[in-house]
Each structure stands twice: as C-alpha cells, then as structure tokens.
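*Asks:* build the 3D model from these lines:
(chains A and B)
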Amino acid sequence: MTFRKILRTGWLALLGAFAPAFAGALPFWMKLPEGVSSFSADIDWLFRLILWITGIIFLVVEAILVIFLIRYRHREGRRAHYTHGNNRLEVIWTIVPAVICVVLALLSRRLWADIKQRMPEDAMQVEVTAEQFAWNIRYPGPDGKFGTGDDIVTLNQFHFPVGKKVVVSLHSKDVIHSFFLPEFRVKQDAVPGMTTKVWFDAARVGQWEIACAELCGLGHYRMKGFLTADSPEDFEKWLAEQAASNAPPPPAAAAAPAAPAPAPEEAKKGS
Amino acid sequence: MSSTPLPGIHPAPAVPHVPAHAPGVHPEPTSFWRKYIFSTDHKVIGKQYLFYSLFMLVIGGFLAGLVRWQLAWPGKPITFMGKLFPEGMPNGQMLPEFYNSLFTMHATIMIFFAIMPILIGAFGNFVIPIQIGARDMAFPRLNLASFWVAVPAAVVILWSFFVTGGAAQSGWTSYAPLSAVQPKGQTLWLLALLILGISSLLSAVNFITTIINMRAPGMTFFRLPLTVWALFITAILLLLALPVLSGAMIMLLFDRVLGTTFFLPSGLVISGNALTNAGGGQALLWQHLFWFFGHPEVYIMILPAMGITSEILPVFARKPIFGYRAMAYSIMGIAGLGWIVWGHHMFQSGMNPILGTTFMISTMVIAVPSAIKTFNWLGTLWGGVIHFTTPMLCALSFVAMFVIGGLSGVFMASTPVDVFIHDTYFIVGHIHYVLFGGSLFGAFAGIYYWYPKMFGRMMNERWGKIHWFLTFVTFNFIFFPMHFLGMRGMQRRIYDYSQYAHLKGLQPMNQFMTISLFVLGAAQVILVLNFFLSMRRGRVAGANPWRANTLEWQTSSPPPHSNFDAIPTVYRGPYEYSAPGRADDHWPQNEPPSGAAPVSAHG
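*Replies:* Reported below is the predicted structural model:
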C-alpha cells in the first residue's frame, strides 16, 4: 500500500530529525538559552526530565499507533478481534500515568517553593515599577530604605553585583506586565495594586535583557530593559555614579514620567 | 478498500408513512424561509452552524496568515491590505496595535466562532437527535433562537474591525486593567461574546434536556454513542461555566462604560494621566473569573472532538470501542477535574505561590483521564481491520496529535518549568496541538464522516486524502517548531522579536512556519471545493455507506423531516462490530435480536 510507504517514510524522517539529539550535537534552537541564576540549572534539569519522560511516552505511543495501523490494516478475509476491553489494562494505564504525574508534581513542589515561596533573607532589595513601556528601577540608597530622599532611580538599567542574591519587589503603574529574564529562568507578573516578589542571582559578570512577557499594549514588544551583573567594585562605582547624576528622587508615588522613551543616554553604557 | 461502495443497509423497517398528526411529528414546512432560513429542524440548524463556523474559520485563518506574515518578514508591507485597513495598515505597513488586534481576533474568532459552533452547534445539533432516535431537539424553537442569536454576535465581532481604534487588542484573555482602557473595539468584543453566550446557553439547555428525555426506547445511558456522551457532558460544562464568563464580562463592560472599578485598583496612571475613577478593584479578579470559565472551556472544545474520534475509530476498525465505560467515565472525570485546575494559567500572575502548588497537583491529575482515553483508542485499533478512509485518517490524526498536545501540557503543569515557558511560544504550540491537531482534526473527521448523512452524497475520497495529507504535514511544520521558539524564550504576542538579543537567529524558522501556513491555507481550498462540488456530483451515499451501527445510519440520507419513519427501538450498544456468530460485521443498534445471535456485553 502506498499509504503505508508514506507513513514509514514520514516516521523515518521524524526519527532522523531527532537523531542529532542523541548524538549530542544540537543546533542552537533546540537548546535552552544559557542559564545564569543559581536555580536555572534545577529548572533546566526538571525541563529535561519531563522532556525525557514525555519524549519516551510520545515515541512509544506513536510507534504503537503506527505498528497497529500497519499490522491491522484491512485485508480481505480477516475479521476484527471482538473485545470490549480489559479491566486489568484499564487499571494499569490509570495508575501508571497517575504515579508519574504525582512524582513530577512532588519534584516540582520543592523547587517552586525555593524560587517563588521563600525569598532569601540576606539579599539586596530592589524595587521595580513597570509602566507602559519601561522599567523603573529603584535602589534604597545609603539608608537602606525605599521612598526616602537618597533613593537611586534609573530607567531600564538594572545593575547588581555578581554572586549576590537580589530580591525584586514588583509594582505596576498601569496595566499588568511581566518581568522576564530568559537567561535567569525568572518570570513574574507585575500587577497594579499589588506587590509581587521574585529573586535571582548571577553566577558570572555579564549583560542581559529584561523582557516583558505579558501583553501590555501597543509597545509591549519593545518594553525592554538591560540587566547587568557587575563585579562588586564595579557595582559600587556604578551606583555612586547614578547617585551623583540623580537629582533628589521624587517620592515613589510620582516617580519618573510615563513617556515610553528609550533609555536615557548616560545610563545606556553598562559595564 | 473502503472507497468502493459498501452495501448500505436499508432504512428502519418499512412502515407506511407516519400521518402528520402522530405524536411529535409535524409536517415539513413548505415555505423557503421556514424550511431553510428560520427552520426549527435540528438538521437544518446543524447545517447552518456548519456554514457559519466554516465561514468564520476562513476569516480566523486569514488573520493567522497576517500574524505569521509579520513574524516571518517583520515590517514588510502588504499593499492591498492598506486599502482594507487604512488605519491599522497604512500603505500595507502593519502597526503594532493592529498586530495586537490580529492575534486577539484570530483567537477569539477561532475559539468562539469557529471551533465551538462547528463541534457543538453543527455536530451537536445534527447528530444528537438522530443518534438517540428522536424526531428533533426537545425545544426546536429555542434551537432556532440559538442560531439566530449567534448571527448578530458574528456581525458585531467582525464590525469591530472597522470602528475607530480598530478591533479588540488585549488578547483573547482580555486581561484587566489593559482591557479596561483599550479603544472601543474592546466594548464590541464584550458585547459580541455576551450575545454569543446567550446562544450557547440556549443550546446547552436544549442538548441536556434532549439527551435526558428524548432517547428512543432501549437507548439507556450506557448504550449512547460516545459522541452523545461527550456532547452531553460538554453541554453541562457550558451551562455551568459560561455564566461566570458572562458575569465577568458584564463587570468589565461596567468598568469601561459606567465608571465602576471591579478590576481597577487605586492609583492607576495610564499614559501619564491618573485614572481618577480607579480604586478598590482587583486586577487578578478578572483572571480568576476568566480562567474559572476558561479551563472548562478548553474541555468544551476538546470533548466533542474526543467523542467524534471515539465514534469513528470503531467504525473503521470494525471493532467495538475498547473500554466503553472507561471512556464515558473519563469524560466525566475530565469534566469534574476541569473545575479545579484554572489556577495553572496563573502560576506567574502574583497569585499566592502555595495555591500554585495546589493547582499543579490537580493539573497533573487531570492528565490521567486523557491518558486513559488515548490508551483505549490504541486498544480499539488493536486487532482491528482498519480501513483508511478520510474520516478515519482525520480521527487517527486527532489521536496522534492530541498525544503531543497532552504531553506538552505536562511541562507547563510543573510550576518551576512554567516559570520559564509561561507566555512563550511553547504555550502557543501546546494549545494549537490541542485545538488544531485535536479539535479541528476532530471537526474535519466529523465533516467527512457525516457529510453523506447531511447531504446524501459521498465526498471525494481521493481529494479528501490529499487534503488530509497536506493539512497533517503542514500543520506539524507550523506548530512543532513553536516548541523550539518557546525553549529559546520567545514571548508570545510580540510584534517584533528582533528587538531582543535572546531571540536572534529565529527568523528562518519563523519564515519556514509561515510558508507552511500558506500551504496549509491553500490546501483548505481542496476541502471547500470537495465540500461544495460533492453536493451535486458526489456518489449517492445510500442510508449507511460506512456500515455503521448507530441510529443515524439506519434512516435515509439525508433523513426525512422527522428523522425516522417510526421511532426505532434500541437493543444493544453502539459499537457491536465483528460480533462472533454473525456473518455481517456490523449490527445496528435497532436490529431486533434473533434467537441465535449472542447477547451483547453491553446491555
């Protein structure tokens, strides 16, 4: 049957497409981006575990499907096997997926609690206020308190020292945004009227981007910030520069104007 | 093979034509308007829904084409579109706000105006009464009202493209407060869905009443075809879920036009202007209400397709469905669990993370009934005699693709993994494997399967298979790469991904997907031609071209106005194929048992 040939070729092609995965030579688009935060490896591990489990189930189920289609295709004179089912099989294929799913849920639970439920204690505190279409970053300044005269405010420029845990308190002025750091495996919505918290750290010095992951209006696609992990000395230097160039910041309620302008030029040069 | 005509079995026992005054039988209307336009006949209404949803499917697909154009060739103008949408695409150059309205309207139209009406409106109306052996729905006039309420909803949603500021642009989920401050297209969006909601509620009430009260003698619940089971549970879900959405939409409408603040917290500053009336509202309230409806909604769109698949596999494997009761119970299990998983859409929303853990566990559990169904479909094929007809190929595609859509759901059920893939193309890939690979292939299967019953003629098998093959291949070319885009962190709903460093190098893949979509779109022309040309030119089908057991095939094609010459009596379950001791490999539900024949296991 030509149909059978088509199917066989199709499946060989599909297996061929997956072959590089087994050879370990993946093109970039088949890989997760570099992971920078201390928990990114854990998330990636869980991702790969689920990929392996679902991948094997996928291959087995689809293979059985194709084998059945070929083996039990219509041929003259053969009659179908008359059966209404098998209770033992029903029990097996209820319990096995249930066990797999519950195990995955348990494995996920602890990591989830570490990332989102418990904020680290000895962390640097930063406030991020999202607005259409920019990120306002606020450091507490020398007194360690937000909303006082010595706060340091930047637009779309988020610096922090490498190796240090940072807890971000997210706010929004207008609509819902989502604070997304792809390389850090961080995503948390910023909701008007609420404070949401998220933490991360960086294993190396470098510069990345802050993306908005929640549709927030016509400029959603360009609501981009810059995230820089400095060495501790560079960070202190940068912070001092910001403090110097910062006019005494206005109180939190009337923060930076809402112009969706590109980042100010003096803040643009990261390290 | 099955493309040769199978000997049809004859319509139910030849009884002299039922006199017009027999109980429950009304004479066929004679005027054109009452017969074809404002008909109370469930078969006509089913066909009306079919044309309605296919029309909207074409529009939804066209919008998808525009979205994909922008993703493949960002900023490249399409000159002729400039004339149609001078505001959104000046000189054919797409603006970001117009892009936002394109994906918003694509999803809205596909979900509410194409998939739901085709699965529930078209197949539900056409199939339920004839499969349970009834003359019509319980409330034929309500049925008429249901369709004609759906029509203005479609008019309003399409009209919204041409109002100032364009159509709704806050996504099909319309998260507040964004949806509260958008141009007036959003108000029309709300009105259209509120109107459509009335239509769906009327249908739901009608389906439930019909299935409970109008089954033919002998048609017990566990002799119901699985399509009817699925549509029954779907109707219950609709009846319970839709009022929640309607309530939320009315609140949002009030926020927009009456100055209430259900979803508007204090201190909102939009584009530098303080929103003076804002205060006291909760932005997350919308999401809770929306997804409390929205997750059952996902099952509303997939259960009928599962039912159709469960109907078609036994017919073309010539074998009883494997685990009939497990199938029925898993539909109920999905419907029950479907109410306690909505929070998995909100893991990163700011909802308490401990709640996230709870929702993760319920979400993992809901994978189980879907797995049960998949294994039972495989069990149905095992040992069968499989005929690769077009409806069968589409139903098999449903199984094969639903597996992918189901498994990819496990990734986002895991809360930590969801941190990364939430709001990325991974999710877009997942929902399209469920809604296109699942629901739409189920709908295609239903069209090819019931077409002979609807129009009395067969569709062309060869062209049907070509259509299936092209659709199946290009579907995977479009949607499988979305998982890779998601793995790279590509956010959904962004007008121009070249803005971001982490998305560099993804344009060739996007172009490949877009070109595949164009091929897929072109392949649908084959379906349209096959559909319309077969009405005149198709081979005459006869009553039962597939040699199927269920009652709709035991009456003529198309069935007479009151469906059956006499109400059939049902003696057995719907899937008694290849029963031992019978020469014939099918055994209609209404064939009186002879002394020698074995008794069905499903009494």
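*Asks:* give me the pLDDT value at residue B:546.
*Replies:* You'll see residue B:546 listed with a pLDDT of 97.
*Asks:* for the helix or strand containing residue B:284, packing partners?
*Replies:* Assessed by DSSP states H and E, residue B:284 sits inside helix B:283-317. When contacts are defined as 3 or more C-beta pairs under 8 Å, 6 or more residues apart in numbering or on different chains; DSSP states H and E, helix B:283-317 packs onto helix B:226-257, helix B:324-337, helix B:353-381, helix B:390-413, helix B:441-455. Glycine gets a C-beta too; all of them are placed from N, C-alpha and C.
*Asks:* roughly how far does the residue in the stretch 1-150 of chain A positioned nearest to chain B sit from residue B:224?
*Replies:* At 3.2 Å from chain B, residue A:81 is the closest residue in the stretch 1-150 of chain A, using C-beta to the nearest C-beta. Here residue A:81 is placed at a distance of 24 Å from residue B:224 (C-beta to C-beta, to the nearest Å).
*Asks:* neighbour-wise, which of these two wins?
*Replies:* residue B:224 (25 against 16; other C-beta atoms under 10 Å in any protein chain shown).
*Asks:* once you drop chain neighbours, what's closest to residue A:191?
*Replies:* Of all residues not flanking residue A:191 in the chain, residue B:350 sits nearest, at 4.6 Å (C-beta to C-beta, 6 or more residues apart in numbering or on different chains).
*Asks:* surely that neighbour is within a strand?
*Replies:* No: going by DSSP: H, G, I helix; E, B strand; the rest coil, the assignment for residue B:350 is coil, not a strand.
*Asks:* end-to-end on stretch B:217-236?
*Replies:* This stretch, stretch B:217-236, spans 23 Å end to end (C-alpha to C-alpha, to the nearest Å).
*Asks:* residue contacts, the closest residue to the residue of the stretch 1-150 of chain A closest to chain B other than its chain neighbours?
*Replies:* Spatially, and ignoring its direct neighbours in sequence, residue A:81 is nearest to residue B:383 (3.2 Å; C-beta to C-beta, 6+ apart). Residue B:383 makes contact with A:72, A:80, A:81, A:83, B:319, according to C-beta atoms under 8 Å, 6 or more residues apart in numbering or on different chains.
*Asks:* top of the residues you listed by number of neighbours, please.
*Replies:* residue B:319 (29 neighbours).
*Asks:* that residue contacts residue B:384, correct?
*Replies:* Yes: between residue B:319 and residue B:384 there is a contact under C-beta atoms under 8 Å: 4.2 Å.
*Asks:* what sits in contact with each of these two?
*Replies:* Residues touching both residue B:319 and residue B:384 by C-beta under 8 Å, 6+ apart: A:80, A:81.
*Asks:* thinking again about what came up before, tell me the SS of the residue nearest to residue A:81?
*Replies:* Classified using three-state DSSP, residue B:383 is coil.
*Asks:* measure it to residue B:320 for me?
*Replies:* Distance of residue B:383 to residue B:320, given as C-beta to C-beta: 11 Å.
*Asks:* mind listing what's buried in stretch A:114-131?
*Replies:* Neighbour counts over stretch A:114-131 (16 or more other C-beta atoms under 10 Å in any protein chain shown) mark A:115, A:116, A:124, A:125, A:126, A:127, A:128, A:129, A:130, A:131 as buried.
*Asks:* what about it, near chain B?
*Replies:* Yes: part of stretch A:114-131 sits near chain B under the criterion C-beta under 8 Å from any C-beta of the partner chain, namely A:115, A:116, A:117, A:131.
*Asks:* before we move on, back to that, list residues touching both of residue B:383 and residue B:320?
*Replies:* Both residue B:383 and residue B:320 are contacted by residue A:83, under the criterion C-beta under 8 Å, 6+ apart.
*Asks:* in space, what's closest to residue 47 - neighbours in sequence excluded?
*Replies:* Picked chain A for this. Nearest non-adjacent residue to residue A:47, counting by C-beta to C-beta, 6+ apart: residue B:417, 5.1 Å away.
*Asks:* nope, chain B
*Replies:* Spatial nearest neighbour of residue B:47, excluding adjacent residues (C-beta to C-beta, 6+ apart): residue B:454 at 6.2 Å.
*Asks:* any weak-confidence spans in the stretch 101-250 of chain B?
*Replies:* Scanning the stretch 101-250 of chain B for pLDDT under 70 picks out nothing.
*Asks:* okay, helices next: where are they in it?
*Replies:* Using DSSP state H, counting those that start in this stretch, the helices of the stretch 101-250 of chain B run over residues B:116, B:125-132, B:140-159, B:185-213, B:226-257.
*Asks:* just to revisit the earlier point, so which of the buried residues of stretch A:114-131 comes closest to residue A:188?
*Replies:* Nearest to residue A:188 out of the buried residues of stretch A:114-131 is residue A:116 (C-beta to C-beta; 7.7 Å).
*Asks:* what lies in contact with stretch B:236-256?
*Replies:* In contact with stretch B:236-256 (C-beta under 8 Å, 6+ apart) are residues B:120, B:174, B:176, B:179-180, B:186-187, B:190-191, B:193-194, B:197, B:200-201, B:203-205, B:208, B:260-264, B:281, B:286, B:289-290, B:292-294, B:296-297, B:299-300, B:303, B:335, B:338.
*Asks:* so which bits of that stretch are buried?
*Replies:* By 16+ other C-beta under 10 Å, the buried positions in stretch B:236-256 come out as B:236-239, B:241-242, B:244-246, B:248-249, B:251-253, B:255-256.
*Asks:* out of the residues you listed, the closest to residue B:355 would be?
*Replies:* Using C-beta to C-beta, residue B:244 comes nearest to residue B:355 of those, at 18.3 Å.
*Asks:* okay, now the residue in chain A positioned nearest to chain B: neighbour count?
*Replies:* As assessed by C-beta to the nearest C-beta, chain B sits closest to residue A:193 within chain A, at 2.5 Å. By the criterion of other C-beta under 10 Å, residue A:193 has 21 neighbours.
*Asks:* one more: residue B:69?
*Replies:* 18.
*Asks:* quick one: it from residue B:505, how far?
*Replies:* 20 Å.
*Asks:* mind checking which of the buried residues of stretch A:114-131 land in strands?
*Replies:* A:124, A:125, A:126, A:127, A:128, A:129, A:130, A:131 (DSSP state E).
*Asks:* find the nearest non-adjacent residue to the first one, please.
*Replies:* Nearest non-adjacent residue to residue A:124, counting by C-beta to C-beta, 6+ apart: residue A:166, 4.9 Å away.
*Asks:* who touches that neighbour in this structure?
*Replies:* Applying C-beta under 8 Å, 6+ apart to residue A:166 gives the contacts A:123, A:124, A:125, A:126, A:160, A:199, A:200, A:201.
*Asks:* if we go to 6 Å?
*Replies:* Counting by C-beta atoms under 6 Å, 6 or more residues apart in numbering or on different chains, residue A:166 makes contact with A:123, A:124, A:126, A:160.
*Asks:* now residue B:553
*Replies:* Listed by C-beta under 6 Å, 6+ apart, the contact partners of residue B:553 are residue B:544.
*Asks:* sorry, back to before: of all the helices and strands packed on helix B:283-317, which lies closest to residue A:53?
*Replies:* Here helix B:390-413 is closest among the helices and strands packed on helix B:283-317 (C-beta to C-beta), at 7.8 Å.
*Asks:* doesn't residue B:353 make contact with residue A:116?
*Replies:* Yes: with contact defined as C-beta atoms under 6 Å, residue A:116 counts as touching residue B:353 (4.1 Å).
*Asks:* next, the contact list for the residue most central in space within chain A, please.
*Replies:* The centre of chain A sits closest to residue A:185, judged by C-alpha atoms, centre = their mean, with a distance of 3.8 Å. For residue A:185, the contacting residues are A:40, A:43, B:419, B:420, by C-beta under 6 Å, 6+ apart.
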